[in-house]
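A.B. asks: predicted model follows, preceded by the sequence.
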Amino acid sequence: MADALRRLHPVRLILIAFTMAVWTGVGLLMLPIARRGPGGASFLEAFFTATSAICVTGLVTVDTATYWTPFGQVVIIALIQIGGLGVMLLATIIAMAVLGKLSMRSRLATATEVHAEGAGGIRSVVFGVFRTTMLVEGIAATILTLRWWLGGDLPLPKALWHGLFHAVSSFNNAGFALYSDNMMGFVDDPWVSLTLAGATILGGLGFPVLHQLARHRLTIRRWAMNTRLVVVMSVLLLVSGTIYITSLEWANPKTLGALAPADRVLAGFFHAVQVRTSGFNSLDIGQFHPATLVGMDVMMFIGGGPAGTAGGIKVTTFAVLFFIIWAEVRGDTAVHVFGKRLSRAVHRQAISVALLAVALVVGCTIAIMVASGRGLDAVLFEVISAFATVGLSTGITAQLDPFSQTVLCVLMYLGRLGPFTFASALALRTRHRLYELPKERPIIG
């Protein structure tokens, strides 16, 4: 068994590791001690929750605050932390701590998971990711704990638990909350909203970007192309998303219309952050205008930065597709981004990721619509939210039939790993083709 695992390609090893983590979570959540009331959770409830937690999504079929015991909530937050750090990354940390060394296979697996350049510097990358995670989560937990202890009515132990839970959930872009209405009770609270938004943004940038920002700060000329793309696209999407959501929902009495002007801007910004990566909500998503939901579908589908805790096709993929189109329109022979030429292999990978993602979303949307009999708007929103591991919901997830909920579980799993990674694992070549076929081109457009 050990020899077989050592021979596995790193991509397939990651798939196996994530699958094992999901089933471990299912087993723990089905224990009677994990559920309030008599008996344990059903298999589907435990499976959906464990998948959502390990894939840092946040979609739920039961209320996290009232359905699960403290033990169950600890299991959930542990799965979120494991899923956010990455199963292979966490295994690497343990291996280095216990054994003091790494096999080349473990180095390659970790490099694949965090998109590191090569395997030589994996040790520093791993500890850098771990330190970054602990630092951001610690700061967010401290702020939230003080807010709920000193500014709220929670005793210190409960405030500390709530602060820690939501800090881990926000940095890992999970969106799980210990309040039945998620964050709706704090829609006008800047301490809670901005802290959660800040941790979510940092987690969504991706570890390579955070590492470069910490190392080079605002010396932009020393940033890699990946860092520049992620930062520029993230700022553009946050600003445009805030303007889009706030303007469309400004006069909606069921959402922003009931708030003071300053609170409307705060809530609009909060949802512009959450819709791209995490799943917290301070407003009832089911009451948003259909046009707002369509724009949120697009933002969820794009997602956040690569090699982090965000989902979607990633902002870098979206940016590469834009530059490919721009180069083709201009008639350029190569695609240039920030003064550098883009590799043609990146062209193919970006197009593959986008098309596979579209195929998954469309296919699963049709399947759920047929099985549940629900309309396009709500189903498409849930499907994209699951695939992009966002976790926002119009409120229909808990009401869906078992088949539809299982489809969402599969989407969360594929969305966390990435459709390109999953497809590569299924059709991995072990040797290069030794010949080339004759070239010919069809008519395009």
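C.D. replies: The structure has been received and is ready for your questions. Residues are numbered from 1 along each chain as shown.

A.B. asks: so which residues of the protein form strands?
C.D. replies: With strands called from DSSP state E, the chain shows them at 336-337, 340-341.

A.B. asks: state the distance from residue 385 to residue 411.
C.D. replies: For residue 385, the distance to residue 411 equals 9 Å [CB to CB, to the nearest Å]. (Each C-beta comes from the backbone N, C-alpha and C, glycine too.)

A.B. asks: can you map out the helices along the stretch 151-300 of the chain?
C.D. replies: Counting by DSSP state H, counting those that start in this stretch, residue ranges of the helices within the stretch 151-300 of the chain are 156-171, 190-205, 207-216, 225-249, 261-274, 290-302.

A.B. asks: and the last one, which residues are buried?
C.D. replies: Using 16 or more other CB atoms under 10 Å as the test for burial, helix 290-302 gives 292, 293, 295, 296, 297, 299, 300, 301, 302.

A.B. asks: same question, the first one
C.D. replies: Within helix 156-171, the residues that qualify as buried by neighbour count (16+ other CB under 10 Å) are 159-171.

A.B. asks: columns distance to residue 135 on top of those, output as JSON lines?
C.D. replies: What follows is these, written out as JSON lines (distance: CB to CB, whole Å):
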{"residue": "159", "distance to residue 135": "21"}
{"residue": "160", "distance to residue 135": "18"}
{"residue": "161", "distance to residue 135": "20"}
{"residue": "162", "distance to residue 135": "20"}
{"residue": "163", "distance to residue 135": "15"}
{"residue": "164", "distance to residue 135": "14"}
{"residue": "165", "distance to residue 135": "18"}
{"residue": "166", "distance to residue 135": "17"}
{"residue": "167", "distance to residue 135": "11"}
{"residue": "168", "distance to residue 135": "13"}
{"residue": "169", "distance to residue 135": "17"}
{"residue": "170", "distance to residue 135": "14"}
{"residue": "171", "distance to residue 135": "10"}
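
A.B. asks: which one of those residues sits closest to residue 81?
C.D. replies: Within the buried residues of helix 156-171, proximity to residue 81 (CB to CB) peaks at residue 168, which comes in at 5.6 Å.

A.B. asks: please name the nearest non-neighbouring residue to residue 202.
C.D. replies: Distance criterion CB to CB, 6 or more residues apart in numbering; nearest residue to residue 202, sequence neighbours excluded, is residue 136 at 5.3 Å.

A.B. asks: residue contacts, the one you found?
C.D. replies: Contact partners of residue 136, counting by CB atoms under 8 Å, 6 or more residues apart in numbering, are 167, 171, 199, 202, 203.

A.B. asks: again, only this time at 6 Å
C.D. replies: 171, 199, 202 (CB atoms under 6 Å, 6 or more residues apart in numbering).

A.B. asks: same question, residue 22
C.D. replies: 50, 51, 54.

A.B. asks: please tell me how far the second one sits from residue 257.
C.D. replies: Yep, that's residue 51 we're talking about. For residue 51 relative to residue 257 (CB to CB), the value is 36 Å.

A.B. asks: comparing the two, which residue is more hemmed in?
C.D. replies: More crowded of residue 51 and residue 257, by other CB atoms under 10 Å: residue 51, with 29 against 11.

A.B. asks: nearest residue to the more buried one other than its sequence neighbours?
C.D. replies: residue 409 (4.5 Å).

A.B. asks: go ahead and confirm that neighbour touches residue 50.
C.D. replies: No - using CB atoms under 6 Å as the test, residue 409 is too far from residue 50 to be in contact (9.1 Å).

A.B. asks: on that earlier part again, can you redo the contacts of residue 22 as JSON lines with distance to residue 179?
C.D. replies: Shown next, in JSON lines, are those (distance: CB to CB, whole Å):
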{"residue": "50", "distance to residue 179": "21"}
{"residue": "51", "distance to residue 179": "22"}
{"residue": "54", "distance to residue 179": "22"}
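
A.B. asks: just the closest of the residues you listed to residue 145, please.
C.D. replies: Closest to residue 145, out of all of the contacts of residue 22 and judged by CB to CB, is residue 54, at 25.5 Å.

A.B. asks: next, count neighbours for that closest one.
C.D. replies: 30.

A.B. asks: go on, residue 81?
C.D. replies: Residue 81 is flanked by 20 other residues according to other CB under 10 Å.

A.B. asks: how close does it get to residue 130?
C.D. replies: For residue 81 relative to residue 130 (CB to CB), the value is 11 Å.

A.B. asks: picking that back up, please flag which of the contacts of residue 22 sit within helices.
C.D. replies: Mapping those onto helices (DSSP state H) picks out 50, 51, 54.

A.B. asks: what's the closest of these to residue 288?
C.D. replies: For the ones in helices among the contacts of residue 22, the nearest to residue 288 is residue 51 (25.8 Å; CB to CB).

A.B. asks: pLDDT wise, what is the closest one at?
C.D. replies: Here, the pLDDT recorded for residue 51 equals 94.
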